[in-house]
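S.K.: Okay, here's the prediction I keep looking at, along with the sequence it came from:
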Amino acid sequence: MKVQETKKIRNVVLVSHGNVGKTTLLEAILFKKKFIQRMGRVEDGNTVSDYQPEEKNRKFSISLSLVPVEHKGIKINFLDTPGYADFVAEVLSGIRAAENGVLLINASSGIEVQTKKYWKFLETENKPRAIFINKVDIEGIDLGALLNHIRDFFGYKAIPLNYPVFENGKFTKVSSIFENPEFENYKHAIYEIAAENDDAMLEKYLGGEELTLDEVNTGMKKAYMKGNFYPIFFGSALNLVGIDELLNFITDVMMSPEDLGEGKGINPTNKQEETRKISTDESFSAFVFKTLSDPYVGKLSFTKVYSGILKSNATVYNSSKGVVEKTGQVVYLTGSVQEPVDEVIAGDIAVITKLTVTQTNDTLCDSDNPIEFPKIDFPEPMLTRAMRPKTKTDEDRMSLGLSKITEEDPTVKISKNLETKEQLISGIGETHLSVIMEKLSGRYNVNITLTQPRIPYRETITTKVKVEGKYKKQTGGHGQYGHCFLEVEPLERGKEYSFESRIFGGAIPKQYIPAVEKGVKEAMEAGILAGYPVIDVGIAVVDGSYHPVDSSELAFKIAGSMALKKALEQGNSILLEPIEHIIVIVDEQYMGDVIGDLNARRGRVLGMKSENGKQIIEAYVPLAELLNYANDLNSITQGTGEFKMEHSHYELVPPKIAEKIIQESQLNKKEEAE
């Protein structure tokens with residue numbers, strides 16, 4: 001499939017809540033355009049766009065896929081996105097690459113949680129959009145009430161262009177609202193919107209003259225492109241009803257990349273604003289909006305060409321990384337089917353094979369005329385688990401597998417907790433992490449068990465004490481002798497540690513003081529309650545003695561360590577826990593439930609405010625109570641809540657909880673010893 005002109009391209013992203021029928025709609029389009037001989041079914045795992053093993057196993061879309069279709073001489077690049085919240089990165093990538101959006105709504109379910117969220121994404125990115133009401137064939141639907149609800153939610157700009165026709169109780173076709181007097185109110189609403197977006201037409205319309213159909217179509221296109229008109233279509237993808245009407249609107253009205261005019265970015269050298277006219281006459285520039293790493297087909301970089309021409313086996317400049325790359329074969333992708341091409345023009349979408357350093361969010365361009373396009377703002381992962389490879393072989397393979405996973409999914413983060421020695425993985429939610437484990441196992445033969453990460457507790461003292469550390473050892477010849485007195489006192493939370501020498505008169509030679517501090521620091525690495533690091537203590541060396549022959553740095557280090565351990569025993573040690581500063585963003589209707597839940601997690605609400613129609617709650621909450629918060633907040637808010645958190649400080653663990661933590665630590669030590 002080759003396209004010669006940018007104006008003959010339409011890039012369209014399909015978005016919706018899960019299980020509304022985006023993939024089925026694409027199957028219907030491919031079938032009607034005779035690309036496939038029979039429609040596949042998501043349930044059977046044989047659709048064009050859901051081709052990955054994880055999608056076939058789970059019976060829903062996980063990854064964004066690209067499906068080009070030709071209709072009336074126009075190439076339509078459909079971007080099929082997942083509907084489930086855990087895979088929001090794929091949706092954001094698809095929205096960035098498209099000029100147009102089609103929001104699908106299930107006729108029986110109406111506006112659902114992700115419907116609102118994805119509509120907001122389209123709105124934020126200023127994408128003109130249409131609405132396709134799918135599954136109209138389901139019995140018992142009050143279509144009038146549904147349409148009123150949709151228009152109440154999306155406003156007066158949402159207007160149906162067709163209506164469903166039922167024959168003998170069966171949904172058989174759709175007809176234009178211009179062909180039925182029953183829908184005069186909608187017809188006039190379209191006339192008004194069309195006229196409002198063209199001064200000459202508005203004057204004619206206000207003068208009482210009838211607008212021609214060509215004039216209405218012209219005004220309607222202008223209104224759509226400005227985001228002043230959201231056409232509504234009815235259909236049934238499964239029964240192939242309403243498909244042609246949607247396709248006709250896409251080709252006749254929706255924006256081509258040329259209509260967008262230009263792509264905006266910055267010059268990476270001087271950081272000044274830079275633009276590229278979306279035209280083949282401009283120098284080459286493109287944006288990588290998705291990466292797919294596959295052990296069989298290699299690395300695939302989904303690329304939107306903004307200007308100039310992308311060629312196979314060419315040299316390009318990655319302005320995001322500041323390096324030169326050699327493109328491999330450029331291909332058009334239809335699901336998993338590759339069609340090699342020599343070149344791709346401005347406005348089109350294709351896949352580049354075998355790029356080495358280029359990743360999602362990178363800009364490719366001519367080195368002589370550099371530009372860097374804005375990056376997609378992906379959400380931060382908030383659900384973290386510890387990873388334990390099942391075998392030594394899995395451990396050896398894990399690093400490579402994880403690097404491939406993070407390469408294709410920007411919402412996966414890998415980290416290492418140096419204190420607990422745990423390898424951590426963070427994702428959007430439980431299903432997200434589960435799919436990642438499935439990919440690691442299926443693609444890279446790496447099997448990992450996920451567990452709750454250990455909490456980095458701390459220990460400290462509550463009473464000031466003076467303690468002695470004395471190390472004396474005689475083994476024939478030179479012995480070992482170190483002797484010190486320490487005053488150890490609790491510090492204010494967050495002060496961490498202080499050390500000073502108050503030695504006068506040479507009780508301990510100056511060269512041994514650093515050795516005492518070294519021994520103290522080593523002893524602070526593991527407290528006496530549960531083996532956690534000690535913090536918030538102030539230590540002073542106040543006295544001691546030495547031997548002119550037997551004293552050494554090692555002896556004073558050991559003496560310092562001995563003294564600090566005594567201080568922990570005598571200073572009424574307590575357990576501290578990390579407290580997170582959390583900001584939760586929710587709809588007002590869920591605010592009471594969220595606050596109640598935070599209180600149940602031993603949280604302390606700091607304040608609330610309203611912003612952009614959302615309620616923002618700030619609180620301090622123990623980290624131990626937030627390990628599953630991503631999942632729990634989704635349940636409380638039906639998937640609409642968001643949060644972010646960062647470490648704030650440490651506080652005392654309540655006695656009953658501390659007792660349990662100490663008992664578990666002692667049990668673990670016993671098991672490790674055995």
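M.R.: Alright, I've got the coordinates. Numbering: from 1, shown residues only.
S.K.: Helices of the stretch 151-300 of the chain, start to end?
M.R.: Per DSSP state H, counting those that start in this stretch, the stretch 151-300 of the chain carries helices over the ranges 184-196, 199-206, 213-225, 243-252, 257-260.
S.K.: Same question for the stretch 501-650 of the chain.
M.R.: Remark: helices assigned in the stretch 501-650 of the chain by DSSP H, counting those that start in this stretch are 513-524, 553-570, 591-600, 629-637.
S.K.: so can I have a markdown table of these showing mean pLDDT, distance to G144 and mean neighbour count?
M.R.: The C-beta positions use only the backbone N, C-alpha and C, and glycine is treated the same way. Formatted as a markdown table, the entries for those read as follows, by pLDDT from 0 to 100; distance: least, C-beta to C-beta, whole Å; neighbours: other C-beta atoms under 10 Å:
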| stretch | mean pLDDT | distance to G144 | mean neighbour count |
| --- | --- | --- | --- |
| helix 513-524 | 96 | 72 | 21 |
| helix 553-570 | 96 | 74 | 22 |
| helix 591-600 | 96 | 33 | 16 |
| helix 629-637 | 93 | 30 | 19 |
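S.K.: correct me, but P128 touches G227?
M.R.: Yes: in this structure P128 lies within contact range of G227 using C-beta atoms under 8 Å: 5.5 Å.
S.K.: Look at those two and report which has more neighbours.
M.R.: Neighbours were tallied for P128 and for G227 using other C-beta atoms under 10 Å; the higher tally belongs to P128 (24 against 14).
S.K.: check contacts around the more buried one.
M.R.: Taking C-beta atoms under 8 Å, 6 or more residues apart in numbering, we find P128 in contact with E99, N100, G101, Y224, M225, K226, G227, M254, M255.
S.K.: 10 Å instead?
M.R.: Taking C-beta atoms under 10 Å, 6 or more residues apart in numbering as the criterion, P128 is in contact with 98-101, 122, 221, 223-231, 253-255, 259-260.
S.K.: Likewise for K33?
M.R.: K33 makes contact with V69, E70, H71, I76, I243, L247, according to C-beta under 10 Å, 6+ apart.
S.K.: Please type out the PyMOL selection for whichever of those residues turn out to be buried.
M.R.: One line in PyMOL is enough to select the buried members of those, burial here meaning 16 or more other C-beta atoms under 10 Å:
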select buried, resi 69+71+76+243+247
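S.K.: What's the local residue count around F499?
M.R.: Each residue near F499 was counted by other C-beta under 10 Å, and the total is 17.
S.K.: partner residues bridging it?
M.R.: Applying DSSP bridges to F499 yields these beta-bridge partners: I539.
S.K.: taking the mean pLDDT, what do you get for the lengthiest strand in the chain?
M.R.: Ranked by number of residues, the top strand in the chain under DSSP state E is strand 574-586. Mean pLDDT, computed over strand 574-586, is 96.
S.K.: Distance from that strand to the middle of the chain?
M.R.: On the basis of C-alpha atoms, centre = their mean, to the nearest Å, strand 574-586 is displaced by 22 Å from the centre of the chain it belongs to.
S.K.: how about TSV for the helices of the stretch 151-300 of the chain, with distance to K354 added?
M.R.: What follows is those, written out as TSV (distance: least, C-beta to C-beta, whole Å):
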stretch	distance to K354
helix 184-196	48
helix 199-206	52
helix 213-225	37
helix 243-252	32
helix 257-260	26
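S.K.: Dump those to CSV, plus mean pLDDT.
M.R.: Below are those laid out as CSV (pLDDT from 0 to 100):
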stretch, mean pLDDT
helix 184-196, 90
helix 199-206, 85
helix 213-225, 91
helix 243-252, 97
helix 257-260, 94
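S.K.: can you map out the strands along the stretch 301-450 of the chain?
M.R.: Ranges of strands within the stretch 301-450 of the chain are 309-311, 315-318, 323-326, 330-334, 337-341, 343-345, 349-353, 363-365, 383-389, 413-417, 422-427, 448-451, based on DSSP state E, counting those that start in this stretch.
S.K.: Q114 and K22 touch, don't they?
M.R.: No: with the criterion set as C-beta atoms under 10 Å, Q114 and K22 do not qualify as a contacting pair; they are 11.5 Å apart.
S.K.: which neighbours do the two share?
M.R.: Joint contacts of Q114 and K22 (C-beta under 10 Å, 6+ apart) are V15, S16, P82, G83.
S.K.: How about the contacts made by N100?
M.R.: Going by C-beta under 10 Å, 6+ apart, N100 touches 10-13, 76, 79, 122, 127-130, 224-225, 249-250, 253-256, 259.
S.K.: Distance from the chain centre to stretch 453-472, please.
M.R.: The chain centroid and the centroid of stretch 453-472 are separated by 41 Å under C-alpha atoms, centre = their mean.
S.K.: And it, end to end?
M.R.: Here the two ends of stretch 453-472 are set 42 Å apart, with distance taken as C-alpha to C-alpha, to the nearest Å.
S.K.: Also stretch 126-136?
M.R.: Start to finish, the residues bounding stretch 126-136 are 29 Å apart (C-alpha to C-alpha).
S.K.: buried stuff in it?
M.R.: Neighbour-count burial for stretch 126-136 flags K127, P128, R129, A130, I131, F132, I133, N134, K135, V136 (criterion: 16+ other C-beta under 10 Å).
S.K.: and what of stretch 584-591?
M.R.: Neighbour-count burial for stretch 584-591, with 16+ other C-beta under 10 Å as criterion, is recorded at V584, I585, V586, Y590, M591.
S.K.: Tell me how far the last one lies from V605.
M.R.: Distance, M591 to V605, by C-beta to C-beta, to the nearest Å: 11 Å.
S.K.: quick revisit: nearest to E196, out of the contacts of K33: which one, please.
M.R.: Proximity of the contacts of K33 to E196 (C-beta to C-beta) peaks at L247, which lies at 26.7 Å.
S.K.: ok, now how distant is the closest one from D44?
M.R.: 25 Å.
S.K.: Put the alpha carbons of stretch 113-124 into PDB.
M.R.: What follows is stretch 113-124 as a C-alpha-only set of coordinates in PDB (Å, rounded to 0.1, in the frame of the first residue of the first chain):
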ATOM      1  CA  VAL A 113     -14.700   5.000  33.500                       C
ATOM      2  CA  GLN A 114     -12.100   4.900  30.800                       C
ATOM      3  CA  THR A 115     -14.500   6.500  28.300                       C
ATOM      4  CA  LYS A 116     -14.100   9.700  30.300                       C
ATOM      5  CA  LYS A 117     -10.400   9.400  30.800                       C
ATOM      6  CA  TYR A 118      -9.500   8.700  27.200                       C
ATOM      7  CA  TRP A 119     -11.800  11.500  26.000                       C
ATOM      8  CA  LYS A 120      -9.900  13.800  28.300                       C
ATOM      9  CA  PHE A 121      -6.600  12.600  26.800                       C
ATOM     10  CA  LEU A 122      -7.900  13.500  23.300                       C
ATOM     11  CA  GLU A 123      -9.100  16.900  24.600                       C
ATOM     12  CA  THR A 124      -5.800  17.700  26.200                       C
END
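S.K.: what stretches of this protein score poorly on pLDDT?
M.R.: Where the chain drops to pLDDT under 70, the residues are 1, 476-477, 671-674.
S.K.: Could you figure out how far the longest strand of the chain is turned away from helix 591-600?
M.R.: Interaxial angle, strand 574-586 versus helix 591-600 (axes from the mean of the first three to the mean of the last three C-alpha atoms, to 10 degrees): 170 degrees.
S.K.: what's the closest non-adjacent residue to A89?
M.R.: If the residues on either side of it in the chain are set aside, A89 comes closest to T411, at 4.5 Å by C-beta to C-beta, 6 or more residues apart in numbering.
S.K.: Would you agree F378 is in contact with K290?
M.R.: No: with contact defined as C-beta under 10 Å, F378 does not count as touching K290 (11.3 Å).
S.K.: the more surrounded of those two?
M.R.: Neighbour tally, F378 and K290, criterion other C-beta under 10 Å: the higher count belongs to K290, 28 against 16.
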